[in-house]
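Asker: Return atomic coordinates for the entry below.
(2 chains)
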Amino acid sequence: MFEWLKKWTTPEKLRDAGVMGMNARNFHVISKYNDRRLYPLVDDKVQTKTLANKIGISTPKLIGKIEFQHEVKNILDIIGSEREFVIKPAQGSGGKGVLVIKDYRDGMFTTASGRQISYNEVYQHISNILSGLYSLGGKYDAAIIEELVHFSDIFKEYSYQGVPDVRLIIYKGFPILAMTRLPTKASGGRANLHQGAVGVGLDIQSGRALHGVCRDKPISIQPDTGADLMQIKVPFWKEHLLIGALAYDMTGLGYLGADIVLDAQKGPMMLELNARPGLAIQIANGIGLKSRIKEVDKYYPSGLNAEERVEFVLNYKRAK
Amino acid sequence: MLKKFTSVRFILSVFLFVSVIFAAYSVYYKIEYWGFSFMPKTNTNVWTIEAHISFEPTGDPIKVSLTTPRSNDAFKILEENVIAPGYRVNKNQSASRLILSAPAQEKPQDIYYKIMLFDNVSTKGKIWAPQPEAPQPPLFDEQKMAAARQILELSKKKYDGDRVVQIIKLLNESPLEPAVQAYLPIKNTPQMMVEIISELLALEKIPARPARGFKLEESKKALTPDLMLEAYINNSWRVYDLKTAKKGVPDNFILFQRGGKSLIDVEGGENSVIKFSVLKSVTSSFNLAEQRAKISDSKSWFDYSIYSLPLAQQNTLKWLSIFPLAILVIVLIRNIIGLQTMGTFTPMLLAMSLVKTGFWPGMFCFAIIMTLGLSIRFIMSKLNLLLVPRISAVVIFVILIMQVLTITGYRLNFNIAQSAVFFPIIIMSWIIERASITWEEDGPLNAGREIIYSLIAAIATYFVISSEYIRHIMFAFNELNLVILFVVMLLGTYTGYRLVELKRFRPLVKG
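Answerer: Numbering: from 1, shown residues only, chains lettered A, B, ... in the order given. Sure, this is the predicted structure:
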């Protein structure tokens, strides 16, 4: 009779587990450490890219940008000879409005899912982006076209189409939690947890899998490929962390989410930053964000540069 | 971090506390002085007492003097007017007499005096007044004086209660004591009774006087005022029934004349007759609030309140004053429970329309508009229109759906379909647009969830704001909105877990 109650817990238990709730995130962390004036740096992907390249973070190459409706017809000129690329809103969030073109030839576009679409549909998609359909608050937006990342084979068996990425939570410049987000059939090839992608928490010191989560429920195998999620170990882990640490230097945001994708040739590349990263990462890690934040506030030194912060995180001895 | 947080919360708590105190006082004030009530649709009885005075002129200049009631603790006067063509009307405030004068007349005269009273409350017969002068002892011959003394002695011996009660009871015994029988005239009228008792009381230096009034009952017949006795005991005038010696003004009894010798004096007229009639009417309490404010010297406050506005504006503001409560519900749903709804205030606006349409008709129309709208929107998404024209087309479709619903509803005598027009068109269109985008982007599951959550929020809000009782309180005591403001702001400092997070983060708790 009270079986359903077992699916619930109490605030005390969550507090003991160091879990951070949405209200606490907004009040104690975001409104305190994230100056609203800095938001455009992360909300606008063109700005983010420019800044990132300046500070030495590699990002997917920008092929072109379309700001006005009358420019949309130039799309084919902008694409030029590129055969694969991604069209996304400059101020989109949560992977909304991202169109991945795997193959473009003879006037036909093939999307990541293998669907063939026409020039008209691409045109339409860009128009939608410009009119603000995918941007925060429906503001007029720009569309950017950037190179398609060839993600490392290491993730191949773990994801269904799409681009798997690594999400880092960076607090005061220290990467504190990490997870990889693996697209599934259910998520339509997108790496968004709320759409049904799998999240696998990664040990912040080694990049090894900790827990898997899908739709807020624990999972240990990839539902589409059947691969054992617990075998994941992300290579170039230190480079991943360095991107996160540098992202703090470049934006000044005290609480930050960095989405990093591992390119087969070019290594880890930063896809985008997020000033209000979600809380599902806690479930994927089995670790409460609040406990990590407390740890940083209490024990982590200040005044370190990005490399030193990464070193500190990698070598930090956490009492078990 | 903690310091800043506590201080913000502290300041807000202080504001909340102050606003609660203010609201509590204001609520008390409105109830006490303006007659507001927590119950909606409270009506107040308004009693119209009409005095019809008729007499035949003698040919001399006419002067009619009529005792009139004044507002006091026992009732309030809404309106007072005299219909006496050709008469000069003079009001003697201190003696509460109305003096009508006219030159000599020939035809029989009719004068009407009308007064509207409300808030007749029981004052338990006590009306505070400064000590009047001690009455002159009556001039009795020795024999009568002796009889009077005997009666006073007897009454003291035989009965409990104050002197007045004792005397009245003695004089109303059946059969009467021989001494009393000898003392009273053979044909006794209430008028004489009052005089006799007053004389007896005067011997004991208790001021007494006649009082006239009416039982407030609707009656078609002409009424004659009941005579009662008022005596000054313990710093206030108390009213006594002449027969039963019962203290206090009976329920629904209006003292029309207090003090003064006569009810009416007519100079220059004869065969004067005064007939009274009583009529009850019912008025909403709000309508009388202004009168009450006038009487309680809070008129200037009242002039700057909502309730002094014309009715149309009042209705608009009544509608507005429920919004803060609806907003509070939304804040609770989003920040404490944690349901993600479409748009922040969309559910509130839906709830507002549900109030206008009624629950089931509203749900029916919402379902139809959503189903048709979404289907049309899906067909349209194949056309690849740009955003603004597309949403505009959805708006027009929604309008068309509403028109069709209303017309067919009317034709088929199916009333509920007509409530479609109350839904906010733009909001409906955006819900359709958002739902279909979510459907395409995140699948039907997420779209359905968004709609369901928004609907749950709307229904919860609906049940709060549809209550006539709550609506009345929020309007009558609009200072509560200030309390809600600070509650909402305080909720802005709530950093605990949301209800849904207790389930969502359950896997993080070991065991």
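
Asker: following the host helix or strand of residue B:472, which helix or strand comes up?
Answerer: Element membership for residue B:472, per DSSP states H and E: helix B:468-476. With elements assigned by DSSP H and E, the helix or strand that comes after helix B:468-476 is helix B:480-491.

Asker: quick one: that next one near chain A?
Answerer: No - using CB under 8 Å from any CB of the partner chain, helix B:480-491 stays clear of chain A, coming no nearer than 9.3 Å. For glycine as for every other residue, the C-beta is placed from the backbone atoms N, C-alpha and C.

Asker: So which elements touch that helix?
Answerer: Counting contacts by 3 or more CB pairs under 8 Å, 6 or more residues apart in numbering or on different chains; DSSP states H and E, helix B:480-491 is packed against helix B:2-33, helix B:323-331, helix B:468-476.

Asker: what residue lies at the spatial centre of chain A?
Answerer: residue A:259 (3.0 Å; CA atoms, centre = their mean).

Asker: wait, does stretch A:95-106 contact chain B?
Answerer: Yes - with CB under 8 Å from any CB as the criterion, chain B is reached by stretch A:95-106 at residue A:96.

Asker: Check stretch A:181-198 too.
Answerer: Yes - using CB under 8 Å from any CB, stretch A:181-198 reaches chain B at A:186, A:188, A:194, A:195, A:196.

Asker: isn't residue B:76 right up against residue B:69?
Answerer: No - in this structure residue B:76 lies outside contact range of residue B:69 using CB atoms under 8 Å: 10.4 Å.

Asker: strands paired with the lowest-mean-pLDDT helix or strand in chain A, and their directions?
Answerer: When the helices and strands of chain A are scored by mean pLDDT, DSSP states H and E, strand A:217-218 comes last with a mean of 82. Using DSSP bridges, the strands paired with strand A:217-218 are strand A:209-214 (antiparallel).

Asker: does the residue nearest to the centre of chain A count as helix, strand or coil?
Answerer: Here residue A:259 is recorded as strand under DSSP: H, G, I helix; E, B strand; the rest coil.

Asker: so what's it bridging to?
Answerer: Assessed by DSSP bridges, residue A:259 has beta-bridge partners residue A:167, residue A:272.

Asker: Tell me the confidence at it?
Answerer: Residue A:259 is assigned 92 on the pLDDT scale.

Asker: show me the contacts for it.
Answerer: Counting by CB atoms under 8 Å, 6 or more residues apart in numbering or on different chains, residue A:259 touches A:165, A:166, A:167, A:270, A:271, A:272, A:273, A:274.

Asker: likewise residue A:183?
Answerer: Going by CB under 8 Å, 6+ apart, residue A:183 touches A:159, A:160, A:161, A:162, A:163, A:164, A:189, A:190, A:191, A:197.

Asker: Determine the number of other residues adjacent to residue B:223.
Answerer: Using other CB atoms under 10 Å in any protein chain shown, residue B:223 is surrounded by 16 other residues.

Asker: what bridges to it?
Answerer: Beta-bridge pairing of residue B:223 under DSSP bridges involves residue B:276.

Asker: Local confidence estimate at it?
Answerer: So, for residue B:223, pLDDT stands at 74.

Asker: what's the answer for residue A:84, then?
Answerer: Per-residue confidence (pLDDT) for residue A:84: 90.

Asker: Also residue B:94?
Answerer: Residue B:94 is assigned 65 on the pLDDT scale.

Asker: hang on, the earlier thing: what's the overlap in contacts for residue B:76 and residue B:69?
Answerer: Common neighbours of residue B:76 and residue B:69 (CB under 8 Å, 6+ apart) are residue B:117.

Asker: what angle do the helix holding residue B:472 and helix B:2-33 make?
Answerer: Computed by axes from the mean of the first three to the mean of the last three CA atoms, to 10 degrees, the angle separating helix B:468-476 from helix B:2-33 equals 90 degrees.

Asker: could you give the angle of helix B:468-476 to helix B:480-491?
Answerer: Counting by the same axes, to 10 degrees, helix B:468-476 points 100 degrees away from the direction of helix B:480-491.

Asker: so how far is helix B:468-476 off the chain centroid?
Answerer: 13 Å (CA atoms, centre = their mean, to the nearest Å).

Asker: Quick one: mean pLDDT for it?
Answerer: Helix B:468-476 shows a mean pLDDT of 85.

Asker: same question, stretch A:167-180
Answerer: The average pLDDT for stretch A:167-180 rounds to 94.

Asker: Quick one, grab the pLDDT at residue B:1.
Answerer: Looking at residue B:1, its pLDDT reads 50.

Asker: hang on, the earlier thing: of the residues of stretch A:181-198 next to chain B, closest to chain B?
Answerer: residue A:195 (5.1 Å; CB to the nearest CB).

Asker: what's near enough to touch that closest one?
Answerer: A:95, A:186, A:187, A:188, B:441, B:442, B:443, B:446.

Asker: returning to that earlier point: format the residues of stretch A:181-198 next to chain B as JSON lines; extra columns: pLDDT and secondary structure.
Answerer: As requested, the residues of stretch A:181-198 next to chain B are exported to JSON lines (pLDDT from 0 to 100; DSSP: H, G, I helix; E, B strand; the rest coil):
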{"residue": "A:186", "pLDDT": "82", "secondary structure": "coil"}
{"residue": "A:188", "pLDDT": "74", "secondary structure": "coil"}
{"residue": "A:194", "pLDDT": "80", "secondary structure": "helix"}
{"residue": "A:195", "pLDDT": "80", "secondary structure": "helix"}
{"residue": "A:196", "pLDDT": "84", "secondary structure": "coil"}
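
Asker: Spatially, which two of those are the most separated?
Answerer: Spatially, the most separated pair among those is A:188 and A:194, at 12.0 Å (CB to CB).

Asker: Among these two, which residue is more densely surrounded?
Answerer: Counted by other CB under 10 Å, residue A:188 and residue A:194 do not tie: residue A:188 has more neighbours, with 21 against 16.

Asker: what's the closest non-adjacent residue to that one?
Answerer: Computed as CB to CB, 6 or more residues apart in numbering or on different chains, the closest residue to residue A:188 that is not its neighbour in sequence is residue A:195, at 6.5 Å.

Asker: For residue A:220, the count of nearby residues, please.
Answerer: Neighbours of residue A:220 (other CB under 10 Å): 12.

Asker: try residue B:340
Answerer: Residue B:340 is flanked by 15 other residues according to other CB under 10 Å.

Asker: dump the residue contacts of it.
Answerer: Residue B:340 touches B:334, B:450, B:453, counting by CB under 8 Å, 6+ apart.
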